[in-house]
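Colleague: sequence unavailable; structure follows:
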């Protein structure tokens, strides 16, 4: 598999091990019914009411709520952000801190998609929401017209981002505006990759042994063969013509093979395996997570410059 092992220092690894000991005492995230996600979502929203939010604009685009964050000056590009949460919890607001970091470091605007959740909506409906938001950004959004676009997604958001990019192949002119994708520990095979199926009870954060059943619960009434069809399972899609991508996954993540297999099939991908890291690591208060986020923002900035240079050459020629 084509990937690079993230160059963590001994101090970073020691910090990660201490944090993993704390994670080992936490309950694993499980999708077993529709009740538990509703309870978690209610707690999330309650906590967000007491947190000071940055300056954002909330609006409906094509019937889909989005949360827009802008830099102080003219944006150099725009990020379409798709949050995680196992398709059943989460919202755009939960990524405010991460998105604000991108805005400040890269000088981009961020459009975060508040897609419907799978407690009430089939996964196909979530895909429709993300595609609608992407098409609005790439077609009808005059404010960001002509700017390079980046897709960013984590976990279930990585799945939705990859699936949306595959769906955009129907409109090649729109796909050409997408300058890159940054995907963290996504889910790309809804039947379960080998690392999902072999996950032992010691897995952190996610309930590794129950993930195959959880994926079936999210896609009821269809066969595994149907679950493997793209874009439902992006791993089996046609990646020709897709933009360059940057991918990360943790060594202790049951979803490890999703990212590594995806990187092989996509082509033009820079993939990193983080030693001794669990699912969700970009949200952890760890030096390794800070390094990954800084690297991701530098990668976006680099590709912004590359797009700008290419545009200048084309205009002068």
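Modeller: Okay, I see it. Worth saying up front: this structure is predicted, and the values here are computed from it rather than measured. Numbering: from 1, shown residues only.
Colleague: phi, psi of the residue nearest to residue 224 when sequence neighbours are not counted?
Modeller: Of all residues not flanking residue 224 in the chain, residue 191 sits nearest, at 4.6 Å (Cβ to Cβ, 6 or more residues apart in numbering). For the C-beta atoms, the positions are set from N, CA and C on the backbone; glycine is no exception. Main-chain dihedrals, residue 191, degrees, to the nearest 10: phi -100, psi -10.
Colleague: how many neighbours does residue 191 have?
Modeller: Neighbour count for residue 191, taken as other Cβ atoms under 10 Å: 20.
Colleague: what's the helix or strand of the chain with the lowest mean pLDDT in contact with?
Modeller: Every helix and strand of the chain was ranked by mean pLDDT, DSSP states H and E. The lowest is helix 35-49, at a mean of 73. By Cβ atoms under 8 Å, 6 or more residues apart in numbering, the residues outside helix 35-49 that reach it are 30, 31, 86, 88, 89, 90, 91, 93, 94, 117, 119.
Colleague: got the contact list for the fifth one?
Modeller: Residue 89 makes contact with 37, 40, 41, 44, 117, according to Cβ under 8 Å, 6+ apart.
Colleague: as JSON lines, these with neighbour count and distance to residue 265 would be great.
Modeller: Listed next are the contacts of residue 89 as JSON lines, based on neighbours: other Cβ atoms under 10 Å; distance: Cβ to Cβ, whole Å:
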{"residue": "37", "neighbour count": "22", "distance to residue 265": "30"}
{"residue": "40", "neighbour count": "16", "distance to residue 265": "33"}
{"residue": "41", "neighbour count": "17", "distance to residue 265": "33"}
{"residue": "44", "neighbour count": "15", "distance to residue 265": "34"}
{"residue": "117", "neighbour count": "22", "distance to residue 265": "28"}
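Colleague: mind listing what's buried along stretch 194-207?
Modeller: By 16 or more other Cβ atoms under 10 Å, the buried positions in stretch 194-207 come out as 195, 196, 199, 203, 204, 205, 206, 207.
Colleague: could you export those as a markdown table, including pLDDT and secondary structure?
Modeller: Listed next are the buried residues of stretch 194-207 as a markdown table, based on pLDDT from 0 to 100; DSSP: H, G, I helix; E, B strand; the rest coil:
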| residue | pLDDT | secondary structure |
| --- | --- | --- |
| 195 | 96 | helix |
| 196 | 96 | helix |
| 199 | 93 | coil |
| 203 | 87 | coil |
| 204 | 89 | coil |
| 205 | 87 | coil |
| 206 | 89 | strand |
| 207 | 89 | coil |
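Colleague: can you map out the helices along the stretch 51-200 of the chain?
Modeller: Secondary structure of the stretch 51-200 of the chain (DSSP state H, counting those that start in this stretch): helices located at 96-106, 123-135, 156-167, 172-175, 194-197.
Colleague: out of those, nearest to residue 24?
Modeller: helix 194-197 (18.8 Å; Cβ to Cβ).
Colleague: identify all contacting residues around the closest one.
Modeller: 189, 208, 211, 212, 253, 254, 255, 256, 257, 258.
Colleague: contacting residues around the fifth one?
Modeller: So the one you mean is residue 253. Residue 253 neighbours (Cβ under 8 Å, 6+ apart): 185, 195, 203, 206, 277, 278, 279.
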